[in-house]
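> Please work out how this folds:
(2 chains)
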Amino acid sequence: PPPRLIFTMSEATQAKEKASSSPVIVKEKHAQFVLNLDKAHDTFEYWVTEHLRMSGIYWGLSAMFLIKHDDKMDKEGIVKFVHECQNDDGGFGGSVGHDSHMLYTLSAVQILLLCEQEIPNKDKIVSFVSNLQQPNGCFWGDKWGEVDTRFSYCAVSCLSLLHRLDAIDTEKAIQFVLSCQNWDGGFGVGPGQESHAGMIFCTTGALSILNALDRIDIDRLGWWLAERQNPDGGLNGRPEKLSDVCYSWWTVSSLAMIERLDWVDSKKLADYIEACQDVEDGGFSDKPGNMADVFHCFFALCGLSMMGYHDECGLADIDPVYAMPPQVLRKNGIVSHLMKKKEEGGK
Amino acid sequence: NTEIFSMHDRKKLPKAAVDAALKKQTAEKIEKYKALTKQCFELRKQQAYTADSLKVLDKLLFINPECYTMWNFRREILQTLKEGKTSEETNKLWDDELKYNAGVVERRDAKCYGVWHHRRWVINELNDPEVEHKELGMCDKLLMASDCRNFHCWGYRLWIVERLEKAGKRTNQQEKDYLIEKVAQELENYSAWHYRARAIQQSTSSEGATEEAASEIIQEELDTALQAVATQITNQSAAFYSKWLLAKAEELGEKEAVAQFLDNCSELREDADAKDSKWLLLMTVYSATKEENAALRDECLDKLCEIDPKHVGYYNWCKAQRK
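The predicted model follows:
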């Protein structure tokens, strides 16, 4: 006969077991990682990414908000830099002396709101963005005419943050985005282009802000997004691709926006994200064992927060639509449809 | 010696590997790059829209094609250089530019938005269907040699195809033929399946397309999807493609085609190795639409919950759906 069970796990061990199943996030290391970025002048990487510094700062600052260390950032210095990047046309370049572009104009506005600053030359920013809308509703990245659904998101988000959506033709903007929905439910760079989780975030986000999410095939999109989860628990951006931790943002935020987060396994994803953590030097890499960078660091932390690990890991909230802290949005009179739902649900 | 810089797929090196020699090399590389960048921005400030400036930009943009402001400068130079030129001279200007751009794509970075955008800009300036035809060859060469999933290349290719189709220089059938060839080369090329779906959508919704013709096309495609999964049981593209086709078949009232598809799936599942393949199970679920198939559908969904537990949320949602 089997031995009679005489042991039970002590309460302390039970608690330890439960706690160890949550990802352990070395927040202090990540804070130091982000702070060190500005000092990395001896790396080639620092110089060849100068053109996107505005976005780099947004990723770093936002990561610090997530790990609740944003008070350590040199916000004064950051704001000064942002102001120096604004051009005569009202738009912002990726760094000082760079031409205005839709991507960096959104990042600039986001940074200023995060740093609780006034928006300089607001009307000119609105003109810059709204003048880039084309007759079919799409948006150019700048005067050189590149069309991309990313720019639809940037324009709509930027103008929404400035309370100036009246400056564009929102119905045409919606129609253009809808024209990019594919046979598989996803969205690509433009009409007819292959579905990609990054572009899905942009289109879903734009439609959410414009209150038009009910005009897409949510269930079809939901399954396509759910299938981004690989056997290793991580997410990819398209079928048959390898996992990359940045999809913890693009794919998860999209699923959150269409309220299908339960169609993926959060625990397995959280484990994958944890495996991408650099516990020695801080930051997160795209895949376990690779070099960390601020882009993947921010998105990894976002993924954990959005999937409900914020309390367990001591992370702040982030809104999946605007990719910003809800309290910053609320302070500026902005409420995403998810924030609205949360408030109504009394969560 | 310029390594491609990308934020993805960089292995973390142990600290000892970053030695003094490497540090010195990096410092020199940085100085060179900073000097080159400074020179380019200076030239622009001076409004030096000359062929000599282009040569300096050639170097910078090859090192860092992501430097979008310098592609803007490049276009400003080209706009100036094309002024007052004969058509032969401007053709050479654009031809050289396409060659330079192709060099950046093929030898430096095939996945940079700015590089492909510049190429479109040049093609737009040229506006020559003969040249556009050649672009198809360039795209296919890249897809074959480098990465058959490069969405920048596929997107650019689509733009070229649409221009040619609009000008009456290419047919929808030619596109379908090309894409089935790509699928045959690589069954798991979701990009090829995507563009095939687009071509099918075009032919089933074009002017003069009858419902009978559309039904025939859909049935042919359903067979293609089955063949793909029969050849490669792990093929997920076929499952996504089937889901769409089956929905279309239902729309067209083709219940027979859907029932036939279900029978074919069941037949494939008679093989022990294939019986519990995730994609085949899903294809069965998507075609088991009749009330009489409800038990089979639930059985497959239960099996899916077992073999693919991370998607239990979706499978339970499917079970709760009742057409």
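> okay, now A:S10: neighbour count?
A:S10 has 9 neighbouring residues, counting by other CB atoms under 10 Å in any protein chain shown. C-beta here means a position set from N, CA and C on the backbone, and glycine is covered the same way.
> okay, it: pLDDT?
On pLDDT, A:S10 comes in at 70.
> cool, A:T170 as well?
pLDDT at A:T170 comes out at 98.
> and the nearest residue to it once chain neighbours are set aside, what does it touch?
Nearest non-adjacent residue to A:T170, counting by CB to CB, 6 or more residues apart in numbering or on different chains: A:L210, 5.4 Å away. When contacts are counted by CB atoms under 8 Å, 6 or more residues apart in numbering or on different chains, A:L210 touches A:156, A:165, A:170, A:173-174.
> Quick check: the farthest pair among those residues?
The most widely separated members of these, counting by CB to CB, are A:L165 and A:I174 (11.4 Å).
> tell me the phi and psi of the nearest residue to A:I25 once chain neighbours are set aside?
Among residues not flanking A:I25 along the chain, A:C313 sits closest, at 4.5 Å (CB to CB, 6+ apart). Here is the backbone geometry of A:C313 (degrees, to the nearest 10): phi -100, psi 0.
> wait, doesn't A:C313 sit right on A:P23?
Yes: at 6.0 Å, A:C313 counts as touching A:P23 under the criterion of CB atoms under 8 Å.
> and the closest residue to A:L235 other than its chain neighbours, how many residues sit next to it?
Excluding the flanking residues, the one nearest A:L235 by CB to CB, 6+ apart is A:Y247, at 3.9 Å. Burial measure for A:Y247: 28 neighbouring residues, criterion other CB under 10 Å.
> how near is A:Y247 to chain B?
11 Å (CB to the nearest CB, to the nearest Å).
> is chain A contacted by the longest helix seen in chain B?
Longest among the helix segments of chain B by residue count, using DSSP state H, is helix B:20-45. Yes: using CB under 8 Å from any CB of the partner chain, helix B:20-45 comes into contact with chain A via B:23, B:26-27, B:29-30, B:33-34, B:37, B:41.
> Show me what the helix or strand following that helix is packed up against.
Using DSSP states H and E, the helix or strand that directly follows helix B:20-45 along the chain is helix B:51-63. With contacts defined as 3 or more CB pairs under 8 Å, 6 or more residues apart in numbering or on different chains; DSSP states H and E, helix B:51-63 has these neighbours: helix B:20-45, helix B:68-81, helix B:87-107.
> By mean pLDDT, point me to the weakest helix or strand of chain A.
None of the helices or strands of chain A scores lower by mean pLDDT, DSSP states H and E than helix A:11-20, at a mean of 61.
> Neighbours of B:D109, how many?
If you count neighbours by other CB under 10 Å, B:D109 ends up with 18.
> Same check on the one 5 residues further on?
Look at B:G114: counted by other CB under 10 Å, it has 23 neighbours.
> cool, A:H51 as well?
For A:H51, using other CB under 10 Å, the count is 25.
> For the nearest residue to A:T49 once chain neighbours are set aside, give me its contacts.
Leaving out its chain neighbours, the residue that sits closest to A:T49 by CB to CB, 6+ apart is A:G56, at 6.3 Å. Residues near A:G56 by CB under 8 Å, 6+ apart: A:37, A:49, A:294-295.
> Now tabulate the residues you listed in a markdown table and tack on neighbour count.
As requested, the contacts of A:G56 are exported to a markdown table (neighbours: other CB atoms under 10 Å in any protein chain shown):
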| residue | neighbour count |
| --- | --- |
| A:L37 | 21 |
| A:T49 | 24 |
| A:V294 | 24 |
| A:F295 | 23 |
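> nearest to A:L242, of these?
Taking the contacts of A:G56 together and measuring to A:L242 by CB to CB, the closest member is A:F295, at 16.7 Å.
> what's the pLDDT at that closest one?
With respect to pLDDT, A:F295 has a value of 96.
> need the contact list for the nearest residue to B:P65 once chain neighbours are set aside.
Of all residues not flanking B:P65 in the chain, B:C112 sits nearest, at 4.6 Å (CB to CB, 6+ apart). Applying CB under 8 Å, 6+ apart, we find B:C112 in contact with B:65-66, B:104, B:152.
> And the closest residue to B:Q39 other than its chain neighbours, how far from A:K75?
Nearest residue to B:Q39 in three dimensions, chain neighbours excluded: B:V56, at 6.0 Å (CB to CB, 6+ apart). Going from B:V56 to A:K75 by CB to CB, to the nearest Å gives 37 Å.
> for B:E106, what are its contacts?
B:142, B:146.
> ok, now the one 10 residues further on?
B:W116 makes contact with B:105, B:152-153, B:155-156 under the criterion CB under 8 Å, 6+ apart.
> show me what contacts the residue nearest to A:L235?
A:197, A:228, A:234-237, A:299.
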